[in-house]
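> Got a predicted structure plus its sequence, pasted below:
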Amino acid sequence: MRPFGYLTPPDRAGAIAAVTGRPGATFLAGGTNLVDLMKLGVADPDLLVDVTGLLPDRIEPTAAGGLRIGAGVRNSDLAADPGVRAGFPVLARAVLTGASGQLRNMATVGGNLLQRTRCLYFQDVTKPCNKRVPGSGCPARAGDHRNLAILGGSPHCVATHPSDMAVALAALDAVVHVEGPAGPRAVPVTGPVGGLYRLPGDRPDRETTLERGDLITAVEIPPLAYAGNSAYRKVRDRTSYAFAVVSVAAALDVADGVVRDARLAIGAVAPVPWRARAAERVLAGRPATAEWFGRAADAELAKASPLPDNAFKLTLVRNVVVQMLGELAGDGS
Amino acid sequence: MTTADDTSSELTLVVNGTAHRLRLDHRTTLLDALREHLGLTGTKKGCDHGQCGACTVLADGRRVNSCLLLAVAARDAEITTIEGLAAADGALHPLQAAFVEHDALQCGYCTPGQICSAAAMLGEAAAGWPSAASASLNPETGPVVLDAAEIRERMSGNLCRCGAYVNILAAITDVARAAP
């Protein structure tokens, strides 16, 4: 790790200016991913600008009936918040399945959104990686890709986004509030147009639409009448404290056996938290049955391009989607 | 006044109630500050990447991985390490006593992290924080009843390569049941 400077500016404008004005500078919040990447040699900042005291750290109801979550809220406080637990269980559940008690105490909401992939090649500086060193190549397609993307990847990168929280936020249509050198703006977590995350294409090193000096200050969740009927399921190689192999965030509004509306997002299958809009379109107005839940999953997965060792995720996603939607529809299974 | 080009800082770390004035390279983690600069070697370095929990300490009463916390970023916190858990008269913390009673270790390397983690975990459960193992997220339910599944889930950030989990679980269960 190279030596680096450390600053605690008195306000956000000062922090943004400090990072904007120095190419090697980066924001530090909880540090659970950044400090690790610095130890690995993957991140190499020459200045850390500590924003932990500068970010909003409260969760407040919005006038519209949603929630505004400060970017400095620790993951553990987010999951324990009564308003989140009662109103948006999918979000509390997603956060609780991530990392460990210690890491959730440290990690912030803003940092969680910006954590980097755990692709083995990205984290190993002795290996080529187009995300880490643009143009150096990607050994994953012919190498270890069991846990990499089946959707949204490119010949240049098939890394998966590691966050659980972001998958729930994608399903909830959350919006990220950003302050930067160009002033404040709001960006949806996942589209339908624009959004915080970029698909890799031929520039997998550009993961988000944030520019140098942009600082996430809050995440806003709009109201969703049926968000109380939501859930998050994470399939992983051990029961706890592991990244997802596949995860699904879902919310379902059913009346008289018919789906009125649905929200679905899938984790660990793409370089971004994957909002399953094709599946949602199939579900709307259709019978709340396993058959239609399966058709919805199939519609989303029609775009998939799995690799030899991760094609199992197709079956896994379908099974988890069908089971979860069945439970949310109240079939008692 | 620290500038962007300074690679070290003069800072105060408050550990187990004692303030220590230090000049530290910014690369120094809290873990290395405790072990190498303050001689508090009870806190252990296992993986040094936040994956094993051996380095768990309390920062303002919350459990954290000291290997991923830069010392310079911990200067405003009250740090408690395994050396600070026992009472001033030397009486063991109930978790320390329970680990001895239940033989909840073999090599002992993960033990300080296990005990610090468990100490904070009991507080989280008492505060009603849910876990991934909790059947209900209902905020009205109050303190969490720590059954085996809850304790295993909540302690999953602390690995034990000797596999003493059965006795670790027994020790923590004892203390959880005795808690007011």
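Good, I have the coordinates.
> residues in the stretch 201-333 of chain A within reach of chain B, list them.
Within the stretch 201-333 of chain A, the residues that sit near chain B (Cβ under 8 Å from any Cβ of the partner chain) are A:239-241. Placement of C-beta: from N, CA and C, glycine included.
> which of these are buried?
By neighbour count, with 16 or more other Cβ atoms under 10 Å in any protein chain shown, those hold A:240-241 as buried.
> Give me the number of neighbouring residues for the closest residue to A:Leu120 other than its chain neighbours.
Nearest non-adjacent residue to A:Leu120, counting by Cβ to Cβ, 6 or more residues apart in numbering or on different chains: A:Asp144, 5.6 Å away. Neighbour count of A:Asp144, defined by other Cβ atoms under 10 Å in any protein chain shown: 12.
> what's A:Asp144 in contact with, if anything?
A:120-121, A:309 (Cβ atoms under 8 Å, 6 or more residues apart in numbering or on different chains).
> Confirm that it lies within a strand, as I assumed.
No - using DSSP: H, G, I helix; E, B strand; the rest coil, the assignment for A:Asp144 is coil, not a strand.
> Return the distance of it relative to A:Ser247.
A:Asp144 sits 20 Å away from A:Ser247, going by Cβ to Cβ, to the nearest Å.
> With adjacent residues omitted, what lies nearest to the closest residue to chain A within chain B?
When scored by Cβ to the nearest Cβ, chain B has B:Gly157 as its residue closest to chain A, at 2.4 Å. Nearest non-adjacent residue to B:Gly157, counting by Cβ to Cβ, 6+ apart: A:Ser100, 2.4 Å away.
> Same check on A:Ala311?
Closest to A:Ala311 by Cβ to Cβ, 6+ apart is A:Ile150, at 7.5 Å.
> Show me what whatever helix or strand B:Val14 lives in is packed up against.
Secondary structure assignment for B:Val14, by DSSP states H and E: strand B:8-15. Contacts defined by 3 or more Cβ pairs under 8 Å, 6 or more residues apart in numbering or on different chains; DSSP states H and E place strand B:8-15 against strand B:18-25, strand B:78-80.
> for whichever strand or helix holds A:Leu264, the distance to its chain's centre please.
Applying DSSP H and E as the criterion places A:Leu264 in strand A:258-267. Relative to its chain's centre, strand A:258-267 lies at 17 Å (Cα atoms, centre = their mean, to the nearest Å).
> Would you mind confirming that A:Gln102 is in contact with B:Val64?
Yes - using Cβ atoms under 8 Å, A:Gln102 makes contact with B:Val64 at a distance of 5.4 Å.
> Got the domain ranges for the chain?
Chain wasn't specified; assuming chain A. The record's domain parsing of chain A by automatic domain parsing lists A:5-51, A:55-333.
> Oops, wrong one, chain B.
If you go by automatic domain parsing, chain B breaks into B:8-84, B:94-178.
> Could I get the contacting residues of the closest residue to A:Thr8 other than its chain neighbours?
The shortest distance from A:Thr8 to any residue other than its chain neighbours is 4.8 Å, reached at A:Asp50 (Cβ to Cβ, 6+ apart). A:Asp50 makes contacts with A:6-8, A:27-29, B:73, as judged by Cβ under 8 Å, 6+ apart.
> quick one: low-confidence ranges for chain A?
Regions of chain A meeting the criterion pLDDT under 70 cover residues A:331-333.
> Please disregard the earlier target; I meant chain B.
In chain B, residues with pLDDT under 70: B:1, B:180.
> top helix in it by residue count?
helix B:111-126 (DSSP state H).
> Any buried residues in that helix, and which?
The neighbour-count criterion (16+ other Cβ under 10 Å) identifies B:111-122, B:124-125 as the buried residues of helix B:111-126.
> Of those residues, which fall within the contact range of chain A?
B:117, B:120-121, B:124.
> From the centre of chain A, point out the most distant residue.
What lies farthest from the middle of chain A is A:Asp256; by Cα atoms, centre = their mean that is 33.2 Å.
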